[in-house]
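[1] coords please:
(one chain, ligands or ions: 1)
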Amino acid sequence: MVKKITAALGAVLLAALAACGEGGSGSAGAGGGAGGGGGDDTITMGFAQVGAESGWRTANTKSIQEAAEAAGIELKFSDAQQRQENQIKAIRSYVQQKVDVIAFSPVVETGWDPVLLEAKRANIPVILTDRAIDSEDTSLYKTFLGSDFVEEGKKAGKWLVENTTGPQRVVELQGNTGAAPAIDRKKGFEEEIGARDDIEIVASQPGDFTRAGGKQVMEAFLRSTPNIDVVYAHNDDMGLGAIEAIKAAGKVPGKDIKIITVDAVKAGMEALAKGEINFIVECNPLLGEQLMELAEKVVAGEEVPTRVVTEEGTFTSEQAKAALPDRKY
Ligand code: AHR
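    Below you'll find the predicted structure:
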């Protein structure tokens, strides 16, 4: 009898110890999770999104929310409305709430070190998603999941070099100033068009990745810049805004003025299929599933690659027609 009671007590003690251990890895996090997740195994992620500026962003947010739910990760989500100070506030509040992992898509490249140092000191791992930061201290984040924006710019420039003859006067609609995709897509494009002396960027302004911004800047270009041959827009939304401005000026988008964009969201692909856009470089917003997998690993203290590059292609009008029926976003 005494033996049986001792064995039973031993089993209860072991089970309790095991439970403590599990709770510790889920919340205290061998990989640096801070342990605010609510005392059970559920991982809590604080996600600081850029905003809701484009079709791409809407698809990206949906992908993250759905993937978190599917993975059983508790998601605390904030929308910074394209303002860095809002993102910094959100990250700081996630640190105070002691989430297990912080993920964010930085609205601009610079100025993150102080807040990321706070996360590091609180032992909360950080994952960069979609956009990178410009910092010498790579210990401030575990990994960066997203596209190669320079490569996207190169693909856009290469298409122009290979698919036009004679002088090309290009106007460029940039993303928001200081954002990684705006900087890198410009750089990649300029590198490629350097192969031809007769392709020139004659005007370049930020349209902030929004349709309204693209329309407004294009209207100004049409007033101020003669003989525009090509619009290079850093995303579909700005390209769609430019189409409105071009039509309002009595010109035919895709014919009188060629349009190259980046993203390949549904509305962009529809315009491409109609011939109003001439070429789209894909930027994949469906990062949710990969992000949750990385989050689970960093919270568990597992090694992850410091850079995970998204695979993506390009679309001509014919390819857009073929792809549209199955397009998810
Ligand atoms: O960072 C990705 C970019 O941000 C997308 O190309 C653009 O549409 C978005 O706003």
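
[2] Can you list the low-confidence ranges for the stretch 51-200 of the chain?
    The model of the stretch 51-200 of the chain has no residue with pLDDT under 70.

[3] Pull up the residues of it that are close to the ligand.
    Residues of the stretch 51-200 of the chain lying near the ligand by Cβ under 6 Å from any ligand atom: 53-54, 56-57, 130-131, 181. Placement of C-beta: from N, CA and C, glycine included.

[4] go with 8 Å
    Within the stretch 51-200 of the chain, the residues that sit near the ligand (Cβ under 8 Å from any ligand atom) are 51, 53-57, 60, 105, 130-131, 146-147, 149, 175, 179-181.

[5] Of those, which belong to helices?
    Here DSSP state H is the test, and those give 55-57, 60, 149, 180-181 as lying in helices.

[6] now, which of those residues sits nearest residue 218?
    Using Cβ to Cβ, residue 55 is the member of those that lies nearest residue 218, at 17.8 Å.

[7] Tell me if I'm right that that closest one and residue 271 touch.
    No. Counting by Cβ atoms under 8 Å, residue 55 stays clear of residue 271, with 11.5 Å between them.

[8] Pull up the overlap in contacts between those two.
    By Cβ atoms under 8 Å, 6 or more residues apart in numbering, residue 55 and residue 271 have these common neighbours: residue 236.

[9] ok so, going back, any idea which of the ones in helices among the residues of the stretch 51-200 of the chain next to the ligand is the one closest to the ligand?
    residue 56 (3.5 Å; Cβ to the nearest ligand atom).

[10] what sits against the closest one?
    By Cβ under 8 Å, 6+ apart, residue 56 lies in contact with 235-237, 263, 265, 283, 285.

[11] Look up how far residue 261 lies from it.
    Distance of residue 56 to residue 261, given as Cβ to Cβ, to the nearest Å: 11 Å.

[12] Domain-wise, how is this structure divided?
    For the chain, the structural domains run 44-147+285-311, 149-283, going by the TED database.

[13] can I get those in CSV with distance to residue 326?
    Below are those laid out as CSV (distance: least, Cβ to Cβ, whole Å):
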stretch, distance to residue 326
domain 44-147+285-311, 13
domain 149-283, 11
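
[14] So for residue 323, which of those domains sits nearest?
    Nearest to residue 323 among the domains of the chain is domain 149-283; the distance by Cβ to Cβ comes to 6.7 Å.

[15] next one: the closest one to chain centre, how far?
    Mean-position distance between domain 149-283 and its chain equals 19 Å (Cα atoms, centre = their mean, to the nearest Å).

[16] Pull up the distance across it, start to finish.
    8 Å (Cα to Cα, to the nearest Å).
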